[in-house]
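Novice: Any chance you could fold what I've pasted below:
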Amino acid sequence: MSKQFSDLGINKQLQKSLVDLQISIPTDIQEKTIPIVLNQKEDLVVLAKTGSGKTAAFGLPLLQLIDEESSDIQTLILAPTRELGQQIYNNLVSFSADSPKISMASLCGGSLIKPQIEYLKSATHVVVATPGRLVDLIKRDAIHLKNLNYLVLDEADEMVSTLKEEVDTIIKHIPKSRRTLLFTATMPGTIKQLVQNYMSKHVVHIEADMATVGHQGIDHQYVVVEPIEKLEVLLHFLSSKAGERGIIFCKTKAAVNKLAKKLAINKFSSGAIHGSLTQGIRDRIMEQFREGYIDILVATDLAARGIDVKEVSYVVNYHLPDTYDTYVHRSGRTARAGAKGLSLTVLQKEEVPDITGFENELGIVFNELKKADAQSIEENNGLLWAKKIFKTKPNRDVSEDFKAKIKTIFHHLTKEELVDKILANYLAQSGTDGPKSEASNKK
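Specialist: Residues are numbered from 1 along each chain as shown. Reported below is the predicted structural model:
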């Protein structure tokens, strides 16, 4: 019989909030982590894939351990990106809906710092922060962490690779007596070094839902393309996934912008996020993606941290990741909360041998997806062209006299004849003979 949150020691106020959120059965990571946080004193390292319920695993017990009568900051949660930090903060607010005395602050970059400084002048129990913004507040003497009891490092593998200097600065300003909880999807050498340097000698290790590091429920595939056909193959794949939600990963901000522009030109419902965009723009794009107003998100690796959308049916690695850890985080954006998903990597011939390294390191198997043939590509290009025409807004500046002359030329054509002529013109302009019919293919 499945355990309940009450069996793990969660109090009635938090249980009520979970019922209101329709959360009833603990996940594997929650079942293993919550009792240890509540009942033991050791530092904790948790290896768990993304989408496994990490926020509740540390958030619920830490909320329960808050001394509501104290005005001190007792818990600090560090996240590598604004999106993830805001997501954690929103979840904690939901969990504590029936615990009104608990006060929390979100201190993430991209938002005005003065309101954050003002907020910290009142009693605050829990702080969720990005390292850069927290260091800024520490330097301004706007936050005091001398009585901190708990430090949480979420997605620590990302922080120690890109934000190590900031994390080092923060750790120097918090008590050595605090308890540290570290959550990571991968265990690179930098994480092991951090555990050795900043955590106690007695550390409890938990591994949850890690039958394969590359995530259960994900179909790992790759497709081999020539550089000149890379975009067309991608567009064909995206057309086959019409109506489904997906994320495309690029290595650089410039590549994200370039690809997002190509998708927009071809009338795909898409948006882009990367670190150079303002927080307001990133929040708006993320909200549109989360609410289903756009189907495709083009993103850099760091900007995509914190994307917790259950209905992401596929991810595309438009560029092969540089590290195995990055692949784990990318593919982990799909197949969340027990769902199935596809992770497709677009490769050039010389990159194919690299796949073996990913398979061996992550314990996963890649299947080759045969790229679409020339006829299918041609057909898809034609369909994209037709969609562009369909979605083109009428030019209201055209004179009625000119419009009437154009109508006169076409007025005797049936709808079918007009389509035939426009299509023939398109095929002539594109330099193809057009997709062959079923009958001609069989000859």
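Novice: Only C-alpha atoms from now on, for both contacts and neighbour counts.
Specialist: Will do.
Novice: residues contacting Ile248?
Specialist: Taking CA atoms under 8 Å, 6 or more residues apart in numbering as the criterion, Ile248 is in contact with 296-299, 315-318.
Novice: Lowest-confidence member of these, which is it?
Specialist: Within the set of those, pLDDT is lowest for Ala299 (91).
Novice: ok, back up a step: top of the contacts of Ile248 by neighbour count?
Specialist: Neighbour count (other CA atoms under 10 Å) singles out Val298 as the most crowded of the contacts of Ile248, with 28 neighbours.
Novice: Is it correct that it falls within a helix?
Specialist: No. Assigned with DSSP: H, G, I helix; E, B strand; the rest coil, Val298 falls outside any helix and is strand.
Novice: Give me the distance between it and Ile285.
Specialist: Remark: distance between Val298 and Ile285 (CA to CA, to the nearest Å) = 10 Å.
Novice: which residues do these two both contact?
Specialist: 271-273.
Novice: Can you tell me which of those residues lies closest to Gly53?
Specialist: Gly53 lies nearest to Ile273 out of the shared contacts of Val298 and Ile285, by CA to CA, at 24.2 Å.
Novice: my guess is Gly53 contacts Thr27, does it?
Specialist: Yes. Using CA atoms under 8 Å, Gly53 makes contact with Thr27 at a distance of 6.5 Å.
Novice: These two - which one has more neighbours?
Specialist: Neighbour totals were compared for Gly53 and Thr27, and Thr27 leads with 21 against 17 (other CA under 10 Å).
Novice: Let me see the contact set for the more buried one.
Specialist: Here Thr27 is in contact with 52-53 (CA under 8 Å, 6+ apart).
Novice: List phi and psi for Gly382.
Specialist: With angles defined as degrees, to the nearest 10, Gly382 sits at phi -60, psi -40.
Novice: list the contacts for it?
Specialist: By CA under 8 Å, 6+ apart, the contact set of Gly382 is Tyr426.
Novice: Would you check that my belief about Glu207 contacting Ser52 is correct?
Specialist: No. Using CA under 8 Å, Glu207 makes no contact with Ser52, being 11.5 Å away.
Novice: So for the two, which residue has more residues nearby?
Specialist: Ser52 (20 against 16).
Novice: And the pLDDT at the more buried one?
Specialist: Ser52 is assigned a predicted lDDT (pLDDT) of 74.
Novice: Need the three-state assignment for Ala272.
Specialist: Assigned by three-state DSSP, the conformation of Ala272 is strand.
Novice: so it bridges to which residues?
Specialist: Val298 (DSSP bridges).
Novice: Tell me how many other residues crowd it.
Specialist: Using other CA under 10 Å, the number of residues around Ala272 comes to 24.
Novice: same thing with Trp385?
Specialist: The burial count for Trp385: 16, using other CA under 10 Å.
Novice: same thing with Leu277?
Specialist: Using other CA under 10 Å, Leu277 has 14 neighbouring residues.
Novice: Surely it is within a helix?
Specialist: No. Assigned with three-state DSSP, Leu277 falls outside any helix and is coil.
Novice: Please report the distance of it from Tyr198.
Specialist: 33 Å.
Novice: pLDDT below threshold where in the stretch 1-150 of the chain?
Specialist: Flagging of the stretch 1-150 of the chain using pLDDT under 70 yields the residue ranges 1-2, 50-51.
Novice: and which of the shared contacts of Val298 and Ile285 is nearest Phe410?
Specialist: Using CA to CA, the shared contacts of Val298 and Ile285 come closest to Phe410 at Gly271, 37.8 Å.
Novice: residue contacts, the nearest residue to the closest one once chain neighbours are set aside?
Specialist: Take Gly271 and drop its neighbours on the chain: the residue closest to it by CA to CA, 6 or more residues apart in numbering is Leu297, 5.1 Å away. When contacts are counted by CA under 8 Å, 6+ apart, Leu297 touches 246-248, 270-273, 289.
Novice: tell me which of the residues you listed is nearest to Ser430?
Specialist: Scanning the contacts of Leu297 for proximity to Ser430, where the rule is CA to CA, the winner is Ser270, at 25.4 Å.
Novice: Surely Ile206 is in a strand?
Specialist: Yes. Assessed with three-state DSSP, Ile206 lies in a strand.
Novice: For it, name its beta-bridge partners.
Specialist: Beta-bridge partners, per DSSP bridges, of Ile206: Val46.
Novice: which residues in the stretch 1-150 of the chain form helices?
Specialist: Ranges of helices in the stretch 1-150 of the chain, per DSSP state H, counting those that start in this stretch, are 12-20, 28-39, 54-64, 82-95, 113-119, 131-139.
Novice: Quick check: nearest residue in space to Pro410, chain neighbours excluded?
Specialist: Actually, residue 410 is Phe. It isn't Pro. Leu418 (7.6 Å).
Novice: Same check on Trp385?
Specialist: Spatial nearest neighbour of Trp385, chain neighbours left out: Asn266 (7.5 Å); criterion: CA to CA, 6+ apart.
Novice: hang on, the one you found packs against Ile389?
Specialist: No. At 10.3 Å, Asn266 and Ile389 do not qualify as touching, with contact defined as CA under 8 Å.
Novice: Those two: which has the busier surroundings?
Specialist: Applying other CA under 10 Å to Asn266 and Ile389 shows that Asn266 carries more neighbours, namely 17 against 11.
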